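Engineer: can't give you the sequence, but here's the structure:
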């Protein structure tokens with residue numbers, strides 16, 4: 001069974017349905033020139049590091065690299081495709097500690113691994129907060145990006 005299929009059934013509706021330490025992995029996607037060019041057009045981010053192959057030959061990367069925000073967006077999308085958390089998240093509170101750890105090049109295949117690293121009750125008994133750490137890895141299992149998403153979730157109603 002593929003990870004996406006296995007974890008599609010692992011989602012719940014409430015804060016209590018996701019325990020500290022719960023971990024899952026998304027399916028993978030290969031980052032292509034089309035992704036990079038479309039992202040540049042969508043965001044108007046046409047920096048040379050992403051668009052100019054000749055310029056990039058003289059950089060530390062030696063070739064064009066993907067935009068960091070593109071990799072962030074792809075990671076969020078890959079997680080959404082699993083269905084995990086989708087029925088329980090009532091609000092996205094933000095993203096913390098985002099770091100680009102290595103470049104993503106055209107042809108790299110990325111996968112996102114998510115682990116719940118913090119669960120907190122709030123002053124309101126009807127909601128809780130969770131922090132999920134996303135680690136994006138390339139085809140060599142090397143982390144290329146890491147960040148933490150903070151979500152507000154409804155609590156199970158009192159009996």
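Structural biologist: In hand now; what should we look at? Everything numeric in this text was worked out from a predicted model, so none of it was measured. Residues are numbered from 1 along each chain as shown.
Engineer: And the top helix by length along the chain, how far out from the chain middle?
Structural biologist: Across the chain, the longest stretch assigned as helix under DSSP state H is helix 68-82. Between the centre of helix 68-82 and the centre of its chain there are 4 Å (Cα atoms, centre = their mean, to the nearest Å).
Engineer: right, and the helix or strand after it?
Structural biologist: strand 91-100 (DSSP states H and E).
Engineer: chain center to that next one: distance?
Structural biologist: Distance, centroid of strand 91-100 to centroid of chain: 10 Å (Cα atoms, centre = their mean).
Engineer: Tell me which other helices or strands the helix or strand following it touches.
Structural biologist: Using DSSP H and E, the helix or strand that follows strand 91-100 in sequence is strand 109-121. Judged by 3 or more Cβ pairs under 8 Å, 6 or more residues apart in numbering; DSSP states H and E, strand 109-121 is in contact with strand 23-25, strand 29-30, helix 68-82, strand 127-137. For the C-beta atoms, the positions are set from N, CA and C on the backbone; glycine is no exception.
Engineer: what residue ranges in this protein score low on pLDDT?
Structural biologist: 1-10 (pLDDT under 70).
Engineer: how near is residue 44 to residue 72?
Structural biologist: 17 Å (Cβ to Cβ, to the nearest Å).
Engineer: Neighbour count: the two, which is higher?
Structural biologist: The neighbour comparison of residue 44 against residue 72 (other Cβ atoms under 10 Å) goes to residue 72, with 17 against 6.
Engineer: pretty sure the more buried one is touching residue 110, no?
Structural biologist: No: counting by Cβ atoms under 8 Å, residue 72 stays clear of residue 110, with 11.1 Å between them.
Engineer: which helices and strands does the longest helix of the chain pack with?
Structural biologist: By 3+ Cβ pairs under 8 Å, 6+ apart, helix 68-82 packs against helix 3-8, helix 33-43, strand 91-100, strand 109-121, strand 127-137, strand 143-154.
Engineer: want to throw the ones you listed into TSV with mean neighbour count?
Structural biologist: Shown next, in TSV, are the helices and strands packed on helix 68-82 (neighbours: other Cβ atoms under 10 Å):
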stretch	mean neighbour count
helix 3-8	15
helix 33-43	14
strand 91-100	12
strand 109-121	17
strand 127-137	20
strand 143-154	19
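Engineer: All good on my end, thank you.
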